[in-house]
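[1] this is a predicted model, with the sequence first.
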Amino acid sequence: MFAANLAVEHLINFIVIDDVIWTWYYDRQGTVQSSGINFIQDLPRFMVLLYALQRFKVHDWGRNKDFLPVQVDGEQCHECKIKDEDLGTVDLLLHTSHPERVTHYGLQGRATNVVPVTSEALTKKYGNFEDGMVAKIFWGEASRTSEPEILKKVEEIAKRHPTVEGHIPQLLWHHKFTNPTSAIREALGVPEPTTGGRVLYILVFRKLYPITTLHGRDLFDVWRQCILCHIILWKEGVYHRDISPGNLMWYKKDRRLIGVLNDYDLSSLANAVGPQGNERTGTVPFMALDLLTKEGQQGKVKHLYRHDLESFMWVFAWIVFRYREGVLPQGSRPLDQWATLDAIACGKEKLAFLTNFSNYLPADLRTSQSAIDLSLLALLVDCFWVLQAAHSNRAGDMYHNLVVELKRKGASEQINGEENVSDMDDLLGKFTGTEAWVDLSKPLPL
């Protein structure tokens with residue numbers, strides 16, 4: 001219930017061992033455990049607990065009062081009405097039973113839900129969108145720069161750069177709730193109550209479509225647009241740091257598919273002051289190899305532009321190897337194990353993929369007679385050759401650096417920590433300059 005229900009803020013549970021009972025409180029920040037009560041030897045205290053629980057309202061048990069369950073056309077939905085300084089009251093009807101709802105299960109963390117939404121107030125302001133709207137509901141880290149703040153910066157950049165304009169999500173409305181998970185910890189005197197504290201956000205966007213629904217040249221074109229948008233944002237001080245298939249989207253405009261770099265709730269700003277949260281950023285199957293190491297998982301490897309660019313390559317391989325005509329086949333699929341391994345084990349598996357690429361080719365792609373399939377495979381071969389060469393060069397530099405430092409009888413310096421704009425352009429140019437990339441970038445004859 002807690003993992004799937006967006007209207008539940010916390011849970012209260014009890015553990016009984018012999019004649020001792022403990023109260024456990026669960027929310028998106030973690031768990032809080034009380035000291036045990038011996039309900040035989042300390043019966044009065046136990047009765048006080050029962051009397052308190054007897055008087056609990058639904059919201060005391062964890063139900064969010066702002067999300068009211070309603071039935072619409074026989075389907076379970078949630079209604080939400082929030083006061084807004086500019087719009088008065090914003091009405092949201094969240095279609096939580098819709099098959100297009102996206103839910104990230106888990107007892108701790110962001111617990112992101114993306115659901116179709118309708119709203120009279122927002123429709124009155126923006127008009128009807130042909131594809132509709134979606135609401136993104138999640139528990140963001142309170143210490144991290146919020147996604148609306150980052151999107152405001154992104155919108156400013158878009159006004160100056162055509163490769164960003166139109167390639168970012170359109171935020172229609174947002175609200176930050178005033179119920180941080182740290183509040184109960186502060187009241188209870190828990191040490192460091194705000195560390196990892198979370199707060200509930202709801203953001204409403206124009207609906208977009210995932211890149212996994214595309215194939216062939218359309219897939220490449222949308223993917224390429226997202227890469228070109230991403231490098232401009234990085235140079236301007238917006239670091240995405242979570243490139244994954246779910247964050248590369250598209251919409252149609254004037255019969256053309258427009259790629260959108262989506263989801264900035266784990267992003268950071270170059271000029272941000274103060275802590276940026278304690279959450280590791282990235283989705284394991286698509287993270288760069290440098291970050292899928294013990295040092296990377298401990299935060300000892302600085303997240304650089306090249307790590308995000310490498311993630312784009314893993315995303316492209318994931319889609320090409322697993323999807324057919326924009327559909328994920330049933331049954332076992334190539335690379336399934338990437339999604340189930342821990343970070344370090346996944347890194348080892350991906351390194352084996354990088355060094356033995358041909359051994360992982362799906363049989364149907366290996367024998368395909370489709371020109372576009374062969375073009376996409378050629379692009380993957382070129383891109384992973386560039387990746388492998390870059391990894392080899394860095395390994396050579398690392399050994400050289402180690403030898404130099406040992407001769408000086410000092411500790412080796414980390415050479416992984418900095419990069420400049422020239423480094424970014426040079427690395428991206430190695431990919432965009434490959435023969436397959438150039439061929440796929442050529443416009444089709446009318």
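    Good, I have the coordinates. None of the values given here were measured: they were computed from a predicted structure.

[2] pLDDT weak spots in the stretch 151-300 of the chain?
    Low-confidence segments of the stretch 151-300 of the chain, defined by pLDDT under 70: 273-280.

[3] if we use 50, what do you get?
    The stretch 151-300 of the chain contains residues with pLDDT under 50 at 274-275, 277-279.

[4] pLDDT score for the residue nearest to residue 46 when sequence neighbours are not counted?
    In this structure, residue 46 finds its nearest non-sequential neighbour in residue 39, 3.9 Å apart by C-beta to C-beta, 6 or more residues apart in numbering. In short, each C-beta sits where N, CA and C put it, glycine included. As predicted, residue 39 sits at a pLDDT of 95.

[5] so which residue is dead centre in the protein?
    residue 242 (5.4 Å; C-alpha atoms, centre = their mean).

[6] hmm, that one is touching residue 282, no?
    Yes - Residue 242 is within contact range of residue 282, at 5.6 Å (criterion: C-beta atoms under 8 Å).

[7] overlap in contacts, these two.
    Among the neighbours of residue 242, those also in contact with residue 282 (C-beta atoms under 8 Å, 6 or more residues apart in numbering) are residue 266.

[8] what about the closest residue to residue 360 other than its chain neighbours, which SS state?
    Distances taken as C-beta to C-beta, 6+ apart place residue 353 nearest to residue 360, at 5.4 Å, with adjacent residues excluded. At residue 353, secondary structure determined by DSSP: H, G, I helix; E, B strand; the rest coil is helix.

[9] who's in contact with residue 353?
    Neighbour list for residue 353: 317, 335, 360 [criterion: C-beta under 8 Å, 6+ apart].

[10] got phi/psi on residue 165?
    Phi and psi for residue 165, reported as degrees, to the nearest 10, are phi -60, psi 130.

[11] that one: how many residues sit nearby?
    A count of nearby residues for residue 165, using other C-beta atoms under 10 Å, gives 13.

[12] might one say that it is in contact with residue 159?
    Yes - using C-beta under 8 Å, residue 165 is in contact with residue 159, at 7.0 Å.

[13] the residue nearest to residue 46 contacts residue 23, correct?
    No - using C-beta under 8 Å, residue 39 makes no contact with residue 23, being 11.9 Å away.

[14] any idea how far stretch 345-357 is from the chain center?
    Computed by C-alpha atoms, centre = their mean, to the nearest Å, the chain-centroid distance of stretch 345-357 equals 22 Å.

[15] just the mean pLDDT for that stretch, thanks.
    Mean predicted lDDT for stretch 345-357 stands at 92.

[16] next one: stretch 213-228 to chain centre, how far?
    19 Å.

[17] and what of stretch 39-59?
    From the chain centre to the centre of stretch 39-59 is a distance of 41 Å (C-alpha atoms, centre = their mean).

[18] picking up where we left off before, quick one: which of the contacts of residue 353 is most hemmed in?
    When neighbours are counted by other C-beta under 10 Å, residue 317 leads the contacts of residue 353 with 23 neighbours.

[19] can you pull the contacts of that residue?
    Contacts for residue 317 (C-beta under 8 Å, 6+ apart) come out as 335, 353, 380, 384.

[20] quick check: the third one touching residue 316?
    Yes - contact status for residue 380 versus residue 316: in contact at 6.7 Å, counting by C-beta under 8 Å.

[21] which one's more surrounded, those two?
    For residue 380 versus residue 316, neighbours defined as other C-beta under 10 Å are more numerous around residue 316 (24 against 19).

[22] the nearest residue to residue 26 once chain neighbours are set aside: neighbouring residues, count only.
    Nearest non-adjacent residue to residue 26, counting by C-beta to C-beta, 6+ apart: residue 11, 4.5 Å away. For residue 11, the count of nearby residues is 15 (other C-beta under 10 Å).

[23] for residue 11, give me the pLDDT.
    Note on residue 11: pLDDT of 93.

[24] repeat that for the one 4 residues further on.
    The model reports residue 15 with a pLDDT of 96.

[25] same check on residue 333?
    Residue 333 is assigned a pLDDT of 89 by the prediction.

[26] so it sits right up against residue 320, yeah?
    No - using C-beta under 8 Å as the test, residue 333 is too far from residue 320 to be in contact (11.9 Å).

[27] check which element follows the helix or strand hosting residue 424 along the chain.
    Using DSSP states H and E, residue 424 sits in helix 421-432. Next helix or strand after helix 421-432 toward the C-terminus (DSSP H and E): helix 435-441.

[28] packing partners for that next one?
    Helices and strands touching helix 435-441, by 3 or more C-beta pairs under 8 Å, 6 or more residues apart in numbering; DSSP states H and E, are helix 216-235, helix 371-407, helix 421-432.

[29] go again using 7 Å as the cut-off
    helix 216-235, helix 371-407 (3 or more C-beta pairs under 7 Å, 6 or more residues apart in numbering; DSSP states H and E).

[30] now render the ones you listed as a markdown table, adding distance to residue 329.
    Shown next, in a markdown table, are those (distance: least, C-beta to C-beta, whole Å):
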| stretch | distance to residue 329 |
| --- | --- |
| helix 216-235 | 16 |
| helix 371-407 | 15 |
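
[31] any idea which of those is most buried?
    Scoring those by mean neighbour count under mean count of other C-beta atoms under 10 Å gives helix 216-235 as the most buried, with a mean of 20.

[32] just the angle between it and helix 421-432, please?
    Helix 216-235 and helix 421-432 meet at an angle of 170 degrees, taking axes from the mean of the first three to the mean of the last three C-alpha atoms, to 10 degrees as the criterion.
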